[in-house]
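[1] coords below, sequence missing:
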C-alpha cells in the first residue's frame, strides 16, 4: 500500500492522473453535447384534440340526452333532443362533455355537448421564443412521454407551429426587460397505435431538429 501511495505521489504520475481526468471531462462534455445538440425539449405539453361543440339551432327544453361523457359515438347517432330538434353526431368521436340537464332550458349560444375525434389527438406543446423555436420545422421527428404512462416513449412528427404568440395578460412595470413570448407547437401521432393515450394527459416532447 505504501508503494502504491509513493508511486501516485510522484510528480509525473500526478500529471498523468490530471490528464486522464481532463480527458474524461472533455469526452463526457462532448457526449453530452452530442446527445442534446439538434434537439429541442418542450416540457410544457398536453394531449388534446380540437373540440367539436354541439348546440341546438334555437333555444328550447332538453327532453332527451343520449350522449354520455366518455362514450364513443358514430356518425348519425342521436345525441339529444331539444324541443322538436334532434341533435345528431356529424362524425365518429368521443363525448367529453354532456351535462345531464334533462328538463332544463338550453341556449343555442352555449355548447350543450362537446366531443372530439380521437384520430385528431395531438401533442400541444408551449415553448418560449428563445428556447429553440427558430430551429423547429413542420415534419421533424418528435418523441414524447406521457406522465400517466411512465417508462414509455411514443413517436410522431411536428404537424403545426403557431404563426403568432399565445395571448397572455401582460403586467406593466418600470422594468426595461421585455416579456418572453410563447408559441404553440403541435405534434401529430397515430392514435390508433397508441389507444392508451387519452385526451387531457400531460406530456413532454423532444423535437429532433436534424431530421
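    Arrived safely. A quick note: this is a predicted structure, and the numbers were derived from the prediction, not measured. Numbers count the residues shown, from 1 in each chain.
[2] after the longest strand seen in the chain comes which helix or strand?
    Criterion DSSP state E: the longest strand present in the chain is strand 39-48. Of the helices and strands lying after strand 39-48 in sequence (DSSP states H and E), the nearest is strand 52-54.
[3] just name whatever secondary elements the helix or strand just after that next one is in contact with.
    Using DSSP H and E, the helix or strand that directly follows strand 52-54 along the chain is strand 60-65. Helices and strands touching strand 60-65, by 3 or more CB pairs under 8 Å, 6 or more residues apart in numbering; DSSP states H and E, are strand 78-82, strand 105-106. From N, CA and C alone the C-beta is placed, and that goes for glycine too.
[4] so what touches the shortest one?
    Contacts to strand 105-106, defined as CB atoms under 8 Å, 6 or more residues apart in numbering, come from residues 55, 56, 59, 60, 61, 62, 82, 112.
[5] show me where the protein has helices.
    Here the chain has its helices, by DSSP state H, at 2-8, 11-36.
[6] residues making contact with stretch 186-201?
    Residues from elsewhere that reach stretch 186-201 (CB under 8 Å, 6+ apart): 46-49, 94, 96, 116, 118-119, 121-125, 142, 144, 146-149, 154-161, 205, 207.
[7] about what we covered before: neighbour count for the contacts of strand 105-106 - can I get that in TSV?
    Shown next, in TSV, are these (neighbours: other CB atoms under 10 Å):
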residue	neighbour count
55	18
56	19
59	14
60	16
61	13
62	20
82	24
112	22
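[8] tally of neighbours for the closest residue to residue 48 other than its chain neighbours?
    Using CB to CB, 6 or more residues apart in numbering and skipping the chain neighbours, the partner closest in space to residue 48 is residue 124 (5.3 Å). Residues lying near residue 124 (other CB atoms under 10 Å) number 20.
[9] what does residue 49 give?
    Residue 49 - counted by other CB under 10 Å - has 20 other residues nearby.
[10] likewise residue 122?
    Counted with other CB under 10 Å, residue 122 comes out at 20.
[11] ok, it touching residue 48?
    Yes - Residue 122 sits in contact with residue 48 when judged by CB atoms under 8 Å, with a separation of 6.8 Å.
[12] where in this structure is pLDDT low?
    Applying pLDDT under 70 to the chain flags the ranges 1-37, 168-177, 211.
[13] identify the residues contacting residue 210.
    Applying CB under 8 Å, 6+ apart, the residues near residue 210 are residue 38.
[14] ok, it to residue 120 distance?
    Distance, residue 210 to residue 120, using CB to CB, to the nearest Å: 28 Å.
[15] burial of the closest residue to residue 191 other than its chain neighbours, as a residue count?
    Nearest non-adjacent residue to residue 191, counting by CB to CB, 6+ apart: residue 121, 4.7 Å away. Per other CB under 10 Å, the neighbour tally for residue 121 reads 23.
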